[in-house]
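Peer 1: Provided below for reference: sequence and predicted model.
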Amino acid sequence: MKDETRLIRSGAEPRPLARTVNPPIQRASTVILPDAASLYDPDQVSYGRAGLSVRNALCEAIAIMEGAAGTRLYPSGLAAMTGPLLALLKTADDILVCDHVYRPTRLFSDRMLRRFGVSVRYFPQTLSPEALADLVRPETRVIVLESPGSLTFEVQDVPAIAAMARARGVLTLMDNTWGAGLLFKPIEHGVDVSAQALTKYVGGHSDVFMGSASVRDGALLKALEASEHDIGWSVSPEDAYLMLRGLRTLPTRLERHGRSGLEVAAWLASQPEVLEVIHPALPGSRGHAIWASDFTGACGLFGFVLRPAPEAAVHALLDALTLFGLGFSWGGHESLAINVDPQRKRGAALGDYAGPLMRLHIGLEAPEDLIADLRAGLDAFNAAA
Ligand SMILES: *Cc1c(COP(=O)(O)O)cnc(C)c1O
């Protein structure tokens, strides 16, 4: 054989791999089939887009965590919400979406779903299940939930809403990014599709995008698989590897995020500049009662309300922080801070607050260091107020 042929054929012998702690990253578009009969055998894996070793391992591990019949992966957390909606909806269907839903999910509903003739209606996130039942129409196909909301942290009565929806033949889809698949188990509580941005706590290091949708039964799994295939989504095996690695330490990291978050929240509640801390796991906070009955823990994301002050004072607070990064997203090892009001003004009925609304993500730093940083921020706030 000539060099060019030998270079293509050499080193390509399949060999059994040594057993490692984690599954190997298998990179492939083409899959080589063992014989001619296998080429068109529907039971054979015939192309890499559907997912090979590490992606399948990640699906399996998330399905076990979510108590699901199966899990599909998406290239982002947003796609893990839009993907199931595309899989389940058709023209003339109606969906009910909670008002505080992640804003890009709302934009998808308003722009894309409406363009395809789906009726999109929003309901206040704190609406009672009985009042929500009154909004259900014969053509209502899906109710979209998110709890707690990622800006204003209202906690929805998910078990009651899911039971109400099921009794009326309506599916429920929940964005469970705050619960991260561990702190709240949507499927156990009656939800049909549990989606999360793995980008946040599962990845855990602010450097990789992915989403998952986990489903209650085989029919839903088939619907999600079919639409994933039809649309052509695929995630990279390297990214799936990073997510699987993150999953191994998720409970340990979340426990620390939750504990430190509560410590910082309790400290903030005692500061004179702070009118209210909105942290569902903090006794006395809005949402605490439902959180206490449905959740097993807290992550590191929560909000607080400052005493009324001009925007310049809010900026002075943020600009004085040295340990908190000013940035969107959350779930990584680092602490982050944003002011929320510019997003509330763009969004829907996100409630009224007596002063500026802030959001913190508490990372894995020592809480006493974070508290000192926040105290310096509050001092700068006072100086500018
Ligand atoms: C970040 C986020 C998403 C989207 O995840 P991406 O991976 O950034 O697309 C969806 N829902 C919530 C609540 C989020 O915070």
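Peer 2: In hand now; what should we look at?
Peer 1: Please make it C-alpha for all contacts and neighbour counts, starting now.
Peer 2: Fine.
Peer 1: any idea how far Leu242 is from the closest residue to the ligand within the stretch 201-350 of the chain?
Peer 2: Among the residues of the stretch 201-350 of the chain, Phe209 lies closest to the ligand, at 4.8 Å counting by C-alpha to the nearest ligand atom. Look at Phe209 and Leu242: by C-alpha to C-alpha, to the nearest Å, they are 10 Å apart.
Peer 1: which neighbours do these two share?
Peer 2: Common contact partners of Phe209 and Leu242 (C-alpha atoms under 8 Å, 6 or more residues apart in numbering): Gly203.
Peer 1: which SS class is the residue of the stretch 201-350 of the chain closest to the ligand?
Peer 2: Look at Phe209: counting by DSSP: H, G, I helix; E, B strand; the rest coil, its state is coil.
Peer 1: before we move on, which element is the nearest residue to Ala320 once chain neighbours are set aside in?
Peer 2: Nearest residue to Ala320, sequence neighbours excluded (C-alpha to C-alpha, 6 or more residues apart in numbering): Gly377, at 5.1 Å. According to DSSP states H and E, Gly377 maps onto helix 367-384.
Peer 1: and what of Asp239?
Peer 2: Per DSSP H and E: helix 237-269 holds Asp239.
Peer 1: Now do the buried residues in stretch 321-341.
Peer 2: 321, 323-325, 330-341 (16 or more other C-alpha atoms under 10 Å).
Peer 1: Counting only helices, which of the residues you listed make the cut?
Peer 2: Asp341 (DSSP state H).
Peer 1: and the residue in the stretch 1-150 of the chain that the ligand sits nearest to, backbone torsions?
Peer 2: Across the stretch 1-150 of the chain, the shortest distance to the ligand (C-alpha to the nearest ligand atom) belongs to Gly77, at 3.3 Å. Main-chain torsions, Gly77, degrees, to the nearest 10: phi -70, psi -40.
Peer 1: which residues does it contact?
Peer 2: Taking C-alpha under 8 Å, 6+ apart as the contact definition, Gly77 lies against 195-199, 209-212.
Peer 1: pLDDT, distance to Gly261 and neighbour count for the residues you listed - can I get that in JSON lines?
Peer 2: Listed next are the contacts of Gly77 as JSON lines, based on pLDDT from 0 to 100; distance: C-alpha to C-alpha, whole Å; neighbours: other C-alpha atoms under 10 Å:
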{"residue": "Ala195", "pLDDT": "98", "distance to Gly261": "23", "neighbour count": "33"}
{"residue": "Gln196", "pLDDT": "98", "distance to Gly261": "20", "neighbour count": "31"}
{"residue": "Ala197", "pLDDT": "98", "distance to Gly261": "20", "neighbour count": "27"}
{"residue": "Leu198", "pLDDT": "98", "distance to Gly261": "20", "neighbour count": "27"}
{"residue": "Thr199", "pLDDT": "98", "distance to Gly261": "19", "neighbour count": "26"}
{"residue": "Phe209", "pLDDT": "98", "distance to Gly261": "24", "neighbour count": "20"}
{"residue": "Met210", "pLDDT": "98", "distance to Gly261": "24", "neighbour count": "24"}
{"residue": "Gly211", "pLDDT": "98", "distance to Gly261": "24", "neighbour count": "25"}
{"residue": "Ser212", "pLDDT": "98", "distance to Gly261": "25", "neighbour count": "30"}
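Peer 1: which of those residues are the two that sit furthest away from each other?
Peer 2: Ala195 and Phe209 (13.9 Å; C-alpha to C-alpha).
Peer 1: Disregarding flanking residues, what is the spatial nearest neighbour of Asp294?
Peer 2: The shortest distance from Asp294 to any non-neighbouring residue, by C-alpha to C-alpha, 6+ apart, is to Phe184 (6.8 Å).
Peer 1: so the one you found, which of the three states?
Peer 2: Classified using three-state DSSP, Phe184 is coil.
Peer 1: now it: how far from the ligand?
Peer 2: Per C-alpha to the nearest ligand atom, to the nearest Å, Phe184 is found 14 Å from the ligand.
Peer 1: list the contacts for that residue?
Peer 2: Contacts of Phe184 by C-alpha under 8 Å, 6+ apart are 176, 294-297.
Peer 1: Tell me the buried residues within those.
Peer 2: For the contacts of Phe184, buried by 16+ other C-alpha under 10 Å: 176, 294-295, 297.
Peer 1: Out of the residues you listed, which is nearest to Asp110?
Peer 2: Of those, the one sitting nearest to Asp110 (C-alpha to C-alpha) turns out to be Asn176, at 21.1 Å.
Peer 1: Up against the ligand, what does this protein have?
Peer 2: 76-78, 102, 150, 177, 197, 199, 209-211, 329 (C-alpha under 6 Å from any ligand atom).
Peer 1: all helices in the stretch 101-250 of the chain, in order from the N-terminus.
Peer 2: Ranges of helices within the stretch 101-250 of the chain are 103-107, 114-115, 129-135, 158-167, 218-231, 237-269, based on DSSP state H, counting those that start in this stretch.
Peer 1: I'd like the ones you listed laid out as JSON lines, including distance to Asn382, mean neighbour count and mean pLDDT.
Peer 2: Putting the helices of the stretch 101-250 of the chain into JSON lines (distance: least, C-alpha to C-alpha, whole Å; neighbours: other C-alpha atoms under 10 Å; pLDDT from 0 to 100) gives the following:
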{"stretch": "helix 103-107", "distance to Asn382": "32", "mean neighbour count": "16", "mean pLDDT": "96"}
{"stretch": "helix 114-115", "distance to Asn382": "46", "mean neighbour count": "14", "mean pLDDT": "98"}
{"stretch": "helix 129-135", "distance to Asn382": "42", "mean neighbour count": "13", "mean pLDDT": "98"}
{"stretch": "helix 158-167", "distance to Asn382": "40", "mean neighbour count": "18", "mean pLDDT": "98"}
{"stretch": "helix 218-231", "distance to Asn382": "52", "mean neighbour count": "16", "mean pLDDT": "96"}
{"stretch": "helix 237-269", "distance to Asn382": "15", "mean neighbour count": "20", "mean pLDDT": "98"}
